[in-house]
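Student: Give me a 3D structure for the following:
(one chain, ligands or ions: 1)
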Amino acid sequence: MQGINNKILRVDLTKKEFKIEEPGEKFYRKYIGGRGFALYYMLKEMEPGIEPFSPDNMLVFASSIIGGVTAPAIPRLTVCGKSPLTGGFGEAEAGGFWAPELKKAGYDAVIVTGKAEKPVYLWLKDGEVVFKVADHLWGKETGDAQSLIREELAEDKARIVQIGPGGENLVRYAGITNELAHFNGRTGLGAVMGSKNLKAIAVWGTEKLEVGDIDKIREVARWAATEGLKDPMAEGLHELGTVALVNSFNEQGILPTRNWHKGQMEGADKISGETMRDTIGKEARGCYSCPIRCKRVVEVNDESMKVDPKYGGPEYETVGSFGSTLEIDDLKLIAKANELCNRYTLDTISTGMTIAFAMDCFENGLLTREDCDGLELTFGNKEVVLPLIQKIALREGIGDLLAEGSLRAARKIGKGAEKYLRQVKGQEIPMHDPRVKTGVGLSYAVADYGADHMKAPHDPFYTDEDAVGLRTTKALGIYDPVPAASLGKEKVRLYKYLDMYWSMLDMLGACDFGYVPRGPVPLDKLIDLVQAVTGEDISLMELMTAAERTINMARMFNIREGFSSKDDVLPEVFYEDFIAGPSAGSGGIDREEFNEALKLRYKLMGWDEQTGEPKEEKLLDLGIDWVL
Ligand code: SF4
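Tutor: Alright, predicted model coming up:
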């Protein structure tokens with residue numbers, strides 16, 4: 001197989017040793033990349049029940065069989081480990097530049113175990129592995145640390161993944177950043193990095209990857225940079241980024257507002273994509289070799305507030321979690337909150353949602369001013385957001401409680417605080433309402449690493465014959481429209497395949513915004529690309545099966561950690577009707593219908609209908625009965 005290095009770097013921080021494994025072609029073909037690589041090693045080598053912050057936890061940084069080539073929207077870095085937020089399988093994806101550089105530096109993945117006696121960072125350059133002292137970097141924010149590392153290595157072009165103080169202080173939803181603006185945000189893996197005293201991994205490579213058919217790869221890249229960019233979806237992403245959703249969601253009454261009590265916010269236009277473009281927007285940026293360039297960069301230079309453009313700009317999820325869920329209509333403040341989270345490496349969704357939970361507790365008398373270091377945690381209070389982010393990152397005062405995540409905080413507060421939780425498996429939910437996107441709701445509930453909006457394309461892509469999803473993903477066996485709010489059997493079947501499809505994109509390191517239905521590159525070109533890079537006859541069926549394999553492996557990982565069908569639930573608020581907006585007085589999910597849909601989902605997956613455990617024959621079918 002071409003396009004791979006056949007090298008997995010194993011680093012033991014306790015012993016300060018490394019070795020290189022060459023797992024061979026069968027491994028790459030079966031596990032593809034990303035979560036596939038990670039789950040293979042995690043299930044084979046990690047004992048059940050280990051503490052996420054123990055040296056025995058494994059932290060896997062993975063590219064894929066096609067990562068590192070100059071092809072459209074294949075920049076993704078997957079990081080996996082046992083999550084300190086959920087206690088189960090943890091995974092986070094990021095764009096940027098680090099994963100392609102890792103491939104050029106000679107590795108397909110890096111697996112880190114153990115714990116360094118003192119802070120270290122790793123320097124990987126063209127096959128060399130150097131352990132570097134990081135005492136002087138510990139406590140530094142990401143921008144300063146990146147500059148110091150590049151200076152020290154005398155390598156301006158070194159790509160760096162790293163944690164800031166949030167990860168060092170073991171905030172359970174700390175993330176990992178590369179190039180300061182690309183974020184492996186979810187499931188708290190930045191805290192696992194912190195628990196290992198690992199500040200950063202710098203990579204630089206000049207090795208040329210051998211590929212099967214360079215002309216074919218160039219043909220796909222050329223198509224994406226010309227025809228692909230004419231696609232309305234790609235144009236929209238380039239023009240406004242994901243923040244474009246704010247105004248439309250607000251009009252539909254589904255913009256999460258006031259910790260999801262409402263679906264519309266007065267003044268939402270002040271935090272919309274259009275307002276961002278026309279006020280603080282500076283430019284659009286992209287990831288490695290991606291012509292779409294959907295990332296926002298913002299700048300604020302007010303006397304009272306500055307936002308540094310090197311930290312990028314807020315996505316829709318961030319505008320929702322620091323804006324409407326807190327009833328904050330100040331875009332500059334939201335941009336600053338985003339910047340602080342990138343400096344400290346905090347996941348913006350979990351940070352904003354944990355603050356929203358705390359505000360709800362405060363408004364309902366479960367937290368007092370005294371509990372909150374004198375801060376008035378009322379919705380809409382602009383004075384408290386930035387201080388709270390800092391307190392969380394540094395675990396100061398009330399920040400120490402909130403750094404544990406909303407579920408653990410609720411258990412500590414008691415007095416019925418659970419009522420204000422909006423989470424699944426301990427992970428705070430993203431900014432998409434399952435009452436109008438039931439498929440997303442099924443994904444929230446079943447997802448192996450807790451609620452996430454990037455597990456599958458969203459329901460509106462499949463609602464009528466002309467919908468973009470139906471036009472572009474027939475090759476997945478999807479032929480018929482399904483209403484967005486339906487929970488019927490067609491929806492369950494649709495989401496089985498969509499979950500597998502986006503897991504497949506994750507495993508390939510492909511960005512969901514680059515490929516159909518959310519992006520312009522069609523499925524046949526994706527398969528052309530995989531075959532051109534690897535020089536192998538890898539098919540769509542083979543890739544979808546590999547994705548299904550990982551869904552089952554992650555499920556098995558969670559089962560041995562004590563998870564069961566009882567954990568596949570939605571937050572209570574979604575069983576209630578909307579209280580305002582166009583759908584006021586209706587919309588609440590029917591609990592029985594949802595539970596029936598879940599049972600059917602288990603059956604279609606080959607899982608036990610009651611327990612949700614994969615059946616032995618399913619694991620055998622997927623060639624992973626060794627997992628048992
Ligand atoms: S579409 Fe956006 S997020 Fe995806 S690879 Fe391109 S620039 Fe990065």
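Student: Am I right that residue 591 is in contact with residue 575?
Tutor: Yes. The pair residue 591 and residue 575 qualifies as a contact (CB atoms under 8 Å) at a distance of 5.4 Å. Just so you know, the C-beta spots here come from the backbone N, C-alpha and C atoms, and that holds for glycine as well.
Student: burial count for residue 494?
Tutor: Using other CB atoms under 10 Å, residue 494 is surrounded by 27 other residues.
Student: ditto for residue 471
Tutor: Neighbour number of residue 471 under other CB under 10 Å is 13.
Student: what's the answer for the one 4 residues further on, then?
Tutor: By the criterion of other CB under 10 Å, residue 475 has 16 neighbours.
Student: Three-state assignment for it, please.
Tutor: Under DSSP: H, G, I helix; E, B strand; the rest coil, the three-state class of residue 475 is helix.
Student: Three-state assignment for the closest residue to residue 239 other than its chain neighbours, please.
Tutor: Sequence neighbours aside, residue 277 is the residue nearest to residue 239 in space, at 7.4 Å (criterion: CB to CB, 6 or more residues apart in numbering). Recorded secondary structure, residue 277: helix (three-state DSSP).
Student: how near is residue 277 to residue 292?
Tutor: Between residue 277 and residue 292 the computed distance is 16 Å (CB to CB, to the nearest Å).
Student: out of the two, which sits in the busier spot?
Tutor: Between residue 277 and residue 292, counted using other CB under 10 Å, the more crowded position is residue 292 (26 against 18).
Student: quick one, what contacts residue 208?
Tutor: The neighbours of residue 208, taking CB atoms under 8 Å, 6 or more residues apart in numbering as the test, are residue 104.
Student: scratch that, residue 155
Tutor: 125, 202, 204.
Student: Can you name the residues of the protein that neighbour the ligand?
Tutor: 73, 75, 95, 286-287, 290, 292-295, 511, 513-514 (CB under 6 Å from any ligand atom).
Student: cutoff 8 Å now
Tutor: Within reach of the ligand by CB under 8 Å from any ligand atom, the chain has these residues: 72-76, 95-96, 182, 234, 237, 285-288, 290-295, 511-514, 519.
Student: Identify those among those that sit within strands.
Tutor: Secondary structure of those is defined by DSSP state E; positions in strands are 182, 285, 295.
Student: what bridges to the second one?
Tutor: What it means is residue 285. According to DSSP bridges, the residues that bridge with residue 285 are residue 295.
Student: Now for it, how many residues are close by?
Tutor: Residues contacting residue 285 under the criterion other CB under 10 Å number 18.
Student: got a pLDDT number for it?
Tutor: Listed pLDDT for residue 285 reads 93.
Student: Quick check, it in contact with residue 312.
Tutor: Yes. Using CB under 8 Å, residue 285 is in contact with residue 312, at 7.1 Å.
Student: Which residues are in contact with each of those two?
Tutor: Overlap between the contact sets of residue 285 and residue 312, as judged by CB under 8 Å, 6+ apart, is given by 181, 295-297.
Student: For my notes, please list the residues you listed in CSV and give distance to residue 208 for each entry.
Tutor: Formatted as CSV, the entries for those read as follows, by distance: CB to CB, whole Å:
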residue, distance to residue 208
181, 28
295, 28
296, 33
297, 31
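Student: Just flag the most distant two among those residues.
Tutor: Distances among the shared contacts of residue 285 and residue 312 were taken as CB to CB; the most separated pair is 181 and 296, at 9.3 Å.
Student: list the residues that contact both of these two?
Tutor: Between them, residue 181 and residue 296 have 285, 312-313 as joint contacts when contacts are counted by CB under 8 Å, 6+ apart.
Student: For the ligand, see how far away the spatially closest residue to residue 581 that is not a sequence neighbour is.
Tutor: Ranked by CB to CB, 6+ apart and with sequence neighbours excluded, the top spatial neighbour of residue 581 is residue 253, at 2.2 Å. To the ligand, residue 253 is 28 Å away according to CB to the nearest ligand atom, to the nearest Å.
Student: ditto for residue 320
Tutor: Spatial separation of residue 320 from the ligand under the definition CB to the nearest ligand atom is 18 Å.
Student: which ones are touching that residue?
Tutor: 246, 255-256, 352, 430-431.
Student: Redo these as CSV? Include neighbour count.
Tutor: Formatted as CSV, the contacts of residue 320 follow (neighbours: other CB atoms under 10 Å):
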residue, neighbour count
246, 27
255, 27
256, 26
352, 32
430, 22
431, 26
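Student: Looking at those, which is nearest the ligand?
Tutor: Compare each of those with the ligand using CB to the nearest ligand atom and the shortest gap goes to residue 430, at 15.8 Å.
Student: Pull the contacting residues for the residue nearest to that closest one when sequence neighbours are not counted.
Tutor: In space, not counting the residues next to it along the chain, residue 430 is nearest to residue 453; the distance is 3.9 Å by CB to CB, 6+ apart. For residue 453, the contacting residues are 317, 430-432, 440, by CB under 8 Å, 6+ apart.
Student: likewise residue 317?
Tutor: With contacts taken as CB under 8 Å, 6+ apart, residue 317 has the following neighbours: 242, 348-349, 430-431, 453.
Student: So it: helix, strand or coil?
Tutor: With three-state DSSP as the criterion, residue 317 was assigned helix.
Student: cool, residue 68 as well?
Tutor: The assignment at residue 68 comes out as coil when based on three-state DSSP.
Student: Near it, how many other residues are there?
Tutor: Neighbours around residue 68, by other CB under 10 Å: 31.
Student: per-residue pLDDT, it?
Tutor: For residue 68, the predicted pLDDT is 96.
Student: do the same with residue 586
Tutor: Among the per-residue scores, residue 586 holds a pLDDT of 89.
Student: same question, residue 245
Tutor: Looking at residue 245 specifically, the model assigns a pLDDT of 93.
Student: Ok, residue 578 next?
Tutor: Here the pLDDT value assigned to residue 578 is 89.
Student: In this model residue 436 seems to touch it, though I could be wrong.
Tutor: No. Counting by CB under 8 Å, residue 578 stays clear of residue 436, with 9.0 Å between them.
Student: Need the overlap of contacts for the two.
Tutor: With CB under 8 Å, 6+ apart, residue 578 and residue 436 have common neighbours residue 587.
Student: quick one, strands of the stretch 101-250 of the chain?
Tutor: Applying DSSP state E, counting those that start in this stretch to the stretch 101-250 of the chain gives strands spanning 109-113, 120-125, 128-133, 159-162, 176-178, 182-184, 198-204.
Student: mind checking the end-to-end distance for stretch 1-10?
Tutor: Start-to-end span of stretch 1-10 (CA to CA, to the nearest Å) is 22 Å.
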